[in-house]
Structure formats: structure tokens, C-alpha cells
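# need coordinates for the below:
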Amino acid sequence: MSKTAKTALENSIDGIVNDDRRKLESTIQIEDYLDEFQYEITSYLSELSRREVSDEVSVELPVLLHTVNDLERIGDHAVNIVEIAERKIEQKLSFSDSALTEADKLRKEAEQMLDYVIAALENNDAESARAALFNESNLNKMQIDFRHSHVQRMSEGVCSLEAGLIFIDLVDNVEKIGDHLTNIAQAVIGGLQWNGIELEQPPSF
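Okay, the predicted model is just below:
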């Protein structure tokens, strides 16, 4: 499910940057798969919770349910990006070269964070999960920096107000994806349990 969520993210950003309707349509289809994953995995975990399981498994189940929901929400944000991309195409808007460079940095940071979270889930790897927290810090900083730089570009007439608002929506949606990935990383760091676990804070720069 996490790998499918990564594909949704990649396709949505490719779609908005390159005005690629095929990638945008693919994102919508992938979101349907994520909804199916959510239903099937949630049903399985719910059935498991009604059986006699070990204490270890019983404390993991609610955390896993939240993890599934976080992954599904990534698909929702990818669809949000599709919707603003469609607006960009319909209005024949374009991003400036600087905005395209920033969008590429944003994508690479989010993709790397997803790779760390995928590794953390596959291998129950707390170190990969901690590495993802650095990406979260970078995404938070990018959100602030890119908002400022894009407002500056709009004030200088380098890009239009409409294109600027779409770009800011893109930045905000990717940052929210980082929030959901942080939830998953924290779950792995905590050993898939909540009781007695102190959440680690993403590093600040």
C-alpha cells in the first residue's frame, strides 16, 4: 500500500509539472486502489482483533489501523494535486523556472521520505523511520521558504497570481503528505504501540 501511495505522489507531481493528463488520470485510478487496500486491510485487522491474539499483536492492531488511514490520506492529497493541476491546464497557466526547480526539490524530498517509510514498514526498521523525520523537517522548511519565494515572484511579476496560488497549493499538499508519513514513522519508532511511548520530534534547522 505504501508503494502504491508513492506512485500516486509521483504521478500527481509529474502531472502538474508537465501538464500530463495521462499521469493525472492514473493518479485517480491509483487512489481507487488505495481505497481498496484500506478496506481490505482494515477488514482483516478488524477480524484479527476479534480473535485471541498475543498481547504484542493486540497493542499493534490499533496503530496499524491508523497507519493504513495515513497511507490512504496520502492518496487523497495526491488527488488534491490532480485537481489543482487540472485547473492549471484549463487556465493555460505555467510555472516559472524557479518554481519548477522548487517543485523538483519538493518531489525528491517527499519521495525519499516515502522510501524511508517503506523500508521502515517492510523491515520494522526504526533507523529508517528516524531518517524520515529529517525529510519531514526539510519539507516543513521548504513550505515556509517556497511560500516566501513564490510570493516574491508574484510581486515581481515573474509569475501570475493564479499560477502562484496553484503552486502554493502544491507545496501545502506535499507538506501534509509529510505529516502523514511522520505519523507512520513515529509508529515504527514506537514499536507499533502508543502506551508509554514518547514521540520523537523531527530535527529543527
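
# which other helices and strands does the longest helix along the chain contact?
Ranked by number of residues, the top helix in the chain under DSSP state H is helix 55-90. With contacts taken as 3 or more Cβ pairs under 8 Å, 6 or more residues apart in numbering; DSSP states H and E, helix 55-90 sits against helix 2-18, helix 21-49, helix 161-189. Just so you know, the C-beta spots here come from the backbone N, C-alpha and C atoms, and that holds for glycine as well.

# identify each buried residue in that helix, please.
For helix 55-90, burial by neighbour count (16 or more other Cβ atoms under 10 Å) applies to 60, 63-65, 67-68, 70-82, 84-85, 88.

# what does the pLDDT read for T182?
T182 carries a pLDDT value of 95.

# now swap in the one 5 residues further on and tell me
Reported pLDDT at A187 in the predicted model: 91.

# ok, now L192?
63.

# ok, now F205?
Value for F205, per-residue pLDDT: 48.

# picking that back up, in CSV, list the helices and strands packed on helix 55-90 along with distance to Q143 and mean neighbour count.
Converted to CSV, those look like this (distance: least, Cβ to Cβ, whole Å; neighbours: other Cβ atoms under 10 Å):
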stretch, distance to Q143, mean neighbour count
helix 2-18, 15, 22
helix 21-49, 21, 15
helix 161-189, 4, 22
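
# could I get those as a markdown table with distance to L93?
Shown next, in a markdown table, are these (distance: least, Cβ to Cβ, whole Å):
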| stretch | distance to L93 |
| --- | --- |
| helix 2-18 | 10 |
| helix 21-49 | 15 |
| helix 161-189 | 4 |
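
# K108: which of those helices is closest?
helix 2-18 (10.0 Å; Cβ to Cβ).

# let me see the residues that make contact with the closest one.
20-24, 26-27, 30-31, 33-34, 37, 71, 74-75, 78-79, 81-82, 84-85, 88, 95, 100, 103-104, 106-107, 110-111, 114-115, 117-118, 121, 166, 170, 174, 177, 184 (Cβ atoms under 8 Å, 6 or more residues apart in numbering).

# again, but for stretch 181-195
With Cβ under 8 Å, 6+ apart as the criterion, stretch 181-195 contacts 2, 59-60, 62-64, 66-67, 70-71, 74, 113-114, 116-117, 120-121, 124-126, 128-130, 132-133, 135-136, 197, 199-200, 202.
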